[in-house]
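A.B. asks: I'll drop the sequence and a predicted model, then ask my questions.
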Amino acid sequence: MLEDSVDPAMLRHHGDVDARPGMLDFAVNVQGLAPPAWLRERLAARLTDLGRYPSAADEHAARAAVAARHGRSPDEVLLLAGAAEGFAMLPRLAPRLAAVIHPSFTEPELALREAAVPVTRVILDRPYTLDPALVPDEADLVVLGNPTNPTSILHPAETIEALRRPGRIVVVDEAFADAVASSGMSSALRGASPGAVGEPESLAGLSAPDVLVLRSLTKTWALAGLRCGYALGAPEVLARLTHGRPHWPLGTLQLEAIIATAEPSAVAESRRYADRIAADRTAMIDRLTALGLDVHTPATGPFLLLRVPDGALLRKRLADHGIAVRRADTFPGLGPDHLRVAVRGVGEVDRLIEAVNAALW
């Protein structure tokens, strides 16, 4: 694809733009309107500490908590103000050629292009099966999502590891990995690396010099407004990412949220959330398919990719009914007939089905 054919505005588009205040939101993949009560209480208890600078002790505690969760050492953990900060750091790895596997989240490509890093797109056709042979050998940075936004595809860990080459760094965006249920997966999709805490196909527990994993706390814990995440990788790679980073990059509440959600009780809770999402997703697929919509399956994430005739018109009609869905033509490889919808509970899906019926018929 020619460089001048890339529209930065399309790469910059996010689902929150599609959801106006007051709309029933199927456009954003955050689960719930606010963090659970216990997490809000943990954060509220730290409000009196905001008159002091974030402490080194909290930073060390957060890295240790994340490391314990994933079976890593603390020096393999980089705390982030959301996974998006990690994507913004990727140009500091100074790749000669970055390969971005699409359709997928566009923020990494945007960050690389804005830093004048040469980028090649590897666009997967439906059913979006990853083939490592499609990635140019000369690419020394490869970026992909797992599970992938917006296709909800979960690539096998062994296939991702097959991308590894001497001199290459593989970056895996696992923003939704904690929302993938382990129950009901086929035997081929159960292989989790050490420290993945039952999260199928995660590479979070893999200590390797050439694999960088980015994680987000935004989605499962409804912390989009707090910006929390982390990267897992070799200390030398993390040091390159943080070169020139300002002091106190995360605030006290961000550090507390990372500590709290890495604790074993919170991880167990996230696995229960993943099971609930899986059940809601199955029910949602059945209901959308019954309407005659093309729902891409298999799906493993907290969102579904739809393909409908005149998707832009359907999106407008749903908005007229007060329902927001995510346009998906901003994802390379997809077109205006593609839409993404977040997995929601039965009551919200009732309203979506009613609105789709009214819009289509």
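C.D. replies: Perfect, thanks for sending it.
A.B. asks: Helices of the chain, start to end?
C.D. replies: Assigned helices in the chain, in chain order: 8-12, 37-44, 56-70, 83-89, 107-114, 157-161, 218-221, 235-241, 252-262, 264-290, 311-320, 346-360 (criterion: DSSP state H).
A.B. asks: Redo the ones you listed as TSV? Include mean pLDDT.
C.D. replies: Formatted as TSV, the helices of the chain follow (pLDDT from 0 to 100):
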stretch	mean pLDDT
helix 8-12	70
helix 37-44	97
helix 56-70	98
helix 83-89	95
helix 107-114	96
helix 157-161	98
helix 218-221	91
helix 235-241	98
helix 252-262	98
helix 264-290	96
helix 311-320	94
helix 346-360	94
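A.B. asks: Tell me where the model's unsure across the stretch 51-200 of the chain.
C.D. replies: 183-197 (pLDDT under 70).
A.B. asks: quick one: contacts of stretch 110-127?
C.D. replies: 1, 6, 8, 11-12, 87-88, 90-91, 95-103, 109, 130-131, 134-136, 139, 141, 143, 153, 296, 332-333 (CB atoms under 8 Å, 6 or more residues apart in numbering). Placement of C-beta: from N, CA and C, glycine included.
A.B. asks: Likewise for stretch 233-249?
C.D. replies: Residues contacting stretch 233-249 (CB under 8 Å, 6+ apart): 53-54, 75-79, 81, 85-86, 89-90, 92-93, 169, 207-213, 231.
A.B. asks: domain assignment for the protein?
C.D. replies: Domains of the chain are assigned by automatic domain parsing as 3-34+267-360, 50-264.
A.B. asks: Which stretch among those is buried most, on average?
C.D. replies: domain 50-264 (a mean of 19; mean count of other CB atoms under 10 Å).
A.B. asks: Could you tell me the end-to-end distance of it?
C.D. replies: Domain 50-264 has an end-to-end distance of 26 Å (criterion: CA to CA, to the nearest Å).
A.B. asks: And for stretch 70-78?
C.D. replies: End to end - CA to CA - stretch 70-78 spans 13 Å.
A.B. asks: and Glu35, what is it in contact with?
C.D. replies: Check again: residue 35 is Pro, not Glu. Leu43, Trp221, Ala222, Leu223, Ala257.
A.B. asks: In space, what's closest to the third one - neighbours in sequence excluded?
C.D. replies: It stands for Ala222. Gly32 (4.4 Å; CB to CB, 6 or more residues apart in numbering).
A.B. asks: Help me confirm that the one you found comes into contact with Lys219.
C.D. replies: No. The pair Gly32 / Lys219 is not scored as a contact, 9.8 Å apart, by CB atoms under 8 Å.
A.B. asks: still on that earlier bit, would you mind measuring from the residue nearest to Ala222 to Gly345?
C.D. replies: In this view, Gly32 and Gly345 are 10 Å apart by CB to CB, to the nearest Å.
A.B. asks: Please apply the same query to Glu354.
C.D. replies: Per CB to CB, Glu354 is found 15 Å from Gly345.
A.B. asks: One more: Leu50?
C.D. replies: To Gly345, Leu50 is 35 Å away according to CB to CB.
A.B. asks: Mind putting the contacts of Pro35 into CSV with distance to Ala64?
C.D. replies: Converted to CSV, the contacts of Pro35 look like this (distance: CB to CB, whole Å):
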residue, distance to Ala64
Leu43, 19
Trp221, 19
Ala222, 24
Leu223, 20
Ala257, 15
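A.B. asks: Tell me which two in these are the farthest apart.
C.D. replies: Leu43 and Ala222 (11.8 Å; CB to CB).
A.B. asks: spatially speaking, which residue is in the middle of this structure?
C.D. replies: By CA atoms, centre = their mean, the chain has its centre lying nearest to Ala175, at 2.9 Å.
A.B. asks: if you skip the residues just before and after it, what's nearest to that one?
C.D. replies: Counting by CB to CB, 6+ apart, the residue nearest Ala175 is Ser216, at 4.0 Å.
A.B. asks: so that neighbour makes contact with Ala81?
C.D. replies: No. The pair Ser216 and Ala81 fails to qualify as a contact (CB under 8 Å) at a distance of 10.8 Å.
A.B. asks: Now the common contact residues for the two.
C.D. replies: In contact with both Ser216 and Ala81: Cys228, Gly229, using CB under 8 Å, 6+ apart.
A.B. asks: got a list of what Asp49 touches?
C.D. replies: Going by CB under 8 Å, 6+ apart, Asp49 touches Thr252.
A.B. asks: Please apply the same query to the one 4 residues further on.
C.D. replies: Counting by CB under 8 Å, 6+ apart, Tyr53 makes contact with Trp248.
A.B. asks: Let me see the backbone angles for it.
C.D. replies: phi -70, psi 150 (degrees, to the nearest 10).
A.B. asks: gap between it and Trp248?
C.D. replies: Taking CB to CB, one finds Tyr53 at 6 Å from Trp248.
A.B. asks: how many neighbours does Leu47 have?
C.D. replies: Per other CB atoms under 10 Å, the neighbour tally for Leu47 reads 10.
A.B. asks: Please give me every residue in contact with it.
C.D. replies: Taking CB under 8 Å, 6+ apart as the definition, contacts of Leu47 comprise Leu253.
A.B. asks: Please repeat the previous calculation with a cut-off of 10 Å.
C.D. replies: By CB atoms under 10 Å, 6 or more residues apart in numbering, the residues touching Leu47 are Thr252, Leu253.
A.B. asks: how about the strands in the stretch 1-150 of the chain?
C.D. replies: 24-25, 77-80, 98-102, 119-123, 141-145 (DSSP state E, counting those that start in this stretch).
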